[in-house]
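J.: no sequence for this one, just the structure:
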């Protein structure tokens with residue numbers, strides 16, 4: 001039996017040890033983790049942005065609504081924010097798409113107009129659907145071309161299967177899987193030859209069909225997953241361009257190919273709004289010791305509009321907004337200024353961030369670090385040095401302060417290679433500013449949500465997003481507090497494929513006026 005005095009001494013010793021342990025930890029880090037875990041605003045931010053406002057295609061009213069919403073949200077958190085104009089874009093507003101099979105039977109088809117597609121003028125257009133034929137050459141195509149007048153023309157290959165490869169691998173025999181792949185490869189090559197023999201490429205072909213009097217263009221850009229299609233932009237000027245799901249596109253194609261020429265009824269409502277201003281949202285927590293040095297949290301705000309832009313890049317957006325909210329509450333007087341950039345028109349060529357880099361040398365020349373998050377909802381698993389020779393020294397030091405359950409997922413690579421594109425960190429890397437990508441776990445991003453009609457709220461994995469908020473906020477805090485400026489020394493890059501010395505990515509100018517002839 002332990003005597004009372006011994007028990008009291010034991011308790012005192014444990015208490016001293018616990019106090020010592022608590023004092024050895026950083027209270028700011030602890031508070032960041034607690035706030036992110038117990039008072040998360042992520043679900044509400046995602047709901048307001050993705051469900052309430054929706055996709056944020058550059059030049060649309062929704063992009064402007066999102067900008068206004070972000071400014072109001074930062075104001076509510078007592079964070080200074082501004083909308084900074086970087087250029088202009090074609091103003092366009094998506095309306096409802098109705099696509100119905102009306103012959104040889106009736107069926108509502110799954111599909112939508114592409115971004116910037118012309119409308120059907122407030123009415124439904126009913127017409128036959130035909131396929132680009134396999135003709136001998138461009139002369140034969142020119143002779144055939146008048147046949148498109150008053151027709152909807154299918155310009156995509158009919159996929160032989162709507163099952164993703166992983167489904168075939170799980171359930172099919174090896175022989176049937178290989179047979180399917182071989183047939184698909186041959187069909188893909190044959191379709192490419194068919195288009196080439198028209199004398200046009202995929203882009204110029206649609207313009208030739210439009211000029212010849214087609215009623216519309218029908219495409220299907222399958223994303224190689226169940227129900228997922230990629231939705232990009234139209235280049236027609238007067239007739240609608242629509243994307244139809246693999247399943248329904250295949251139905252139309254097989255009917256047309258068999259001689260039962262299908263008819264569809266198509267109505268696309270959209271509105272042209274002229275040329276409109278394009279903005280970045282910039283918010284900052286001013287530094288008190290080195291206000292003219294900057295730690296930047298970065299995420300593009302715009303999206304394609306087939307879905308609601310949830311994982312590209314709604315998740316990156318709410319990660320950085322939530323990190324700023326937490327930092328303002330827990331760390332309101334940073335050593336360096338902590339700035340967040342929500343960039344516009346990343347999807348058309350990193351335009352918002354490239355414009356910021358061009359317009360703000362006084363900031364860019366004094367960047368301590370940029371942390372960018374873009375590629376989906378997953379927890380961050382990769383952090384590379386982007387070719388900066390000494391990035392190992394400071395990134396690993398900052399990362400060491402991140403809780404083990406967060407940093408254990410992160411693999412590092414130093415010095416790495418400088419990113420030339422892909423997301424907004426590259427705009428800063430190109431001018432020698434230390435900028436880094438917080439690269440995420442896949443979660444079938446490339447197939448199911450990247451630029452697809454399925455990129456919606458329900459695909460967000462909030463536990464992983466919370467993980468990333470903690471990482472981003474602590475890395476920003478550590479970068480701000482570091483007594484030493486980060487080194488910009490570049491590593492010597494390996495020779496290219498031709499044996500020439502490796503070159504650092506060149507700075508590219510932003511497109512300041514887009515979508516306007």
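T.: Thanks, I have it. Because the structure is predicted, anything quoted here is derived from the model rather than measured. Residues are numbered from 1 along each chain as shown.
J.: residue boundaries of the strands in the stretch 251-400 of the chain?
T.: In the stretch 251-400 of the chain, strands defined by DSSP state E, counting those that start in this stretch lie at 263-285, 290-300, 336-343, 367-372, 380-384, listed in chain order.
J.: show residues contacting the shortest one.
T.: Looking back up the chat, that one is strand 380-384. Residues from elsewhere that reach strand 380-384 (C-beta atoms under 8 Å, 6 or more residues apart in numbering): 373, 395, 399, 409-414, 416-417, 436-441, 467-468, 471. Backbone N, C-alpha and C define where each C-beta goes, glycine included.
J.: what angle sits between that strand and strand 367-372?
T.: In this structure, strand 380-384 runs at an angle of 140 degrees to strand 367-372, with axes from the mean of the first three to the mean of the last three C-alpha atoms, to 10 degrees as the basis.
J.: distance to residue 156 and mean neighbour count for the strands of the stretch 251-400 of the chain - can I get that in a markdown table?
T.: Converted to a markdown table, these look like this (distance: least, C-beta to C-beta, whole Å; neighbours: other C-beta atoms under 10 Å):
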| stretch | distance to residue 156 | mean neighbour count |
| --- | --- | --- |
| strand 263-285 | 15 | 20 |
| strand 290-300 | 28 | 23 |
| strand 336-343 | 31 | 26 |
| strand 367-372 | 33 | 27 |
| strand 380-384 | 34 | 20 |
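J.: make TSV out of these and add mean pLDDT and distance to residue 359.
T.: What follows is these, written out as TSV (pLDDT from 0 to 100; distance: least, C-beta to C-beta, whole Å):
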stretch	mean pLDDT	distance to residue 359
strand 263-285	98	10
strand 290-300	98	14
strand 336-343	98	12
strand 367-372	98	14
strand 380-384	98	27
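J.: which of the contacts of strand 380-384 fall within helices?
T.: Taking DSSP state H as the definition of helices, those contribute 395, 399, 467, 468, 471.
J.: and the pLDDT at the first one?
T.: In this case it means residue 395. pLDDT, residue 395: 98.
J.: state the distance from it to residue 142.
T.: Spatial separation of residue 395 from residue 142 under the definition C-beta to C-beta, to the nearest Å is 59 Å.
J.: who has more neighbours out of those two?
T.: Applying other C-beta atoms under 10 Å to residue 395 and residue 142 shows that residue 395 carries more neighbours, namely 26 against 14.
J.: pick out the residue nearest the middle of the chain.
T.: Among the residues of the chain, the smallest C-alpha distance to the mean C-alpha position (C-alpha atoms, centre = their mean) belongs to residue 312, namely 2.9 Å.
J.: which residue ranges of the stretch 401-517 of the chain form helices?
T.: With DSSP state H, counting those that start in this stretch as the criterion, the stretch 401-517 of the chain has helices at 404-407, 425-429, 462-481.
J.: likewise the stretch 151-300 of the chain?
T.: Assigned helices in the stretch 151-300 of the chain, in chain order: 165-171, 174-196, 202-211, 246-258 (criterion: DSSP H, counting those that start in this stretch).
J.: nearest to residue 129, of these?
T.: Residue 129 lies closest to helix 246-258 among those, at 5.2 Å (C-beta to C-beta).
J.: quickly note the distance from the nearest residue to residue 137 once chain neighbours are set aside to residue 191.
T.: Taking C-beta to C-beta, 6 or more residues apart in numbering, and ignoring the residues beside it in sequence, residue 137 has residue 197 as its nearest neighbour in space, at 5.6 Å. Separation of residue 197 from residue 191 (C-beta to C-beta): 11 Å.
J.: shaky segments in the chain?
T.: Within the chain, the set of residues satisfying pLDDT under 70 comprises 1-24.
J.: list the contacts for residue 67?
T.: With C-beta under 8 Å, 6+ apart, residue 67 has these contacts: 83, 279, 281, 301.
J.: can we see that at 6 Å?
T.: 83, 279, 281 (C-beta atoms under 6 Å, 6 or more residues apart in numbering).
J.: same check on residue 311?
T.: Residue 311 makes contacts with 376, 377, 449, 455, 459, as judged by C-beta under 6 Å, 6+ apart.
J.: burial check on residue 449, number of neighbours?
T.: Neighbouring residues of residue 449 were enumerated by other C-beta under 10 Å; the total is 26.
J.: so how far is residue 46 from it?
T.: Distance, residue 449 to residue 46, by C-beta to C-beta: 14 Å.
J.: ok, residue 241 next?
T.: Between residue 241 and residue 46 the distance, using C-beta to C-beta, works out to 30 Å.
J.: give me phi/psi at the closest residue to residue 359 other than its chain neighbours?
T.: Residue nearest to residue 359 in three dimensions, not counting chain neighbours: residue 86, with 7.1 Å by C-beta to C-beta, 6+ apart. Residue 86 adopts backbone torsions of phi -120, psi -10, taken as degrees, to the nearest 10.
J.: nearest to residue 57 among the contacts of residue 67?
T.: Compare each of these with residue 57 using C-beta to C-beta and the shortest gap goes to residue 279, at 13.7 Å.
J.: hmm, residue 82 and that closest one touching each other?
T.: No. With contact taken as C-beta atoms under 6 Å, residue 279 and residue 82 are classed as non-touching, separated by 9.1 Å.
J.: buried ones in the one helix or strand residue 32 maps to, by neighbour count?
T.: Under the criterion DSSP states H and E, the helix or strand holding residue 32 is helix 27-38. Buried residues in helix 27-38, counted by 16 or more other C-beta atoms under 10 Å: 28, 29, 32, 33, 35, 36.
J.: make a markdown table out of the residues you listed and add distance to residue 484.
T.: A markdown table is the format used below for the buried residues of helix 27-38 (distance: C-beta to C-beta, whole Å):
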| residue | distance to residue 484 |
| --- | --- |
| 28 | 19 |
| 29 | 19 |
| 32 | 22 |
| 33 | 25 |
| 35 | 28 |
| 36 | 27 |
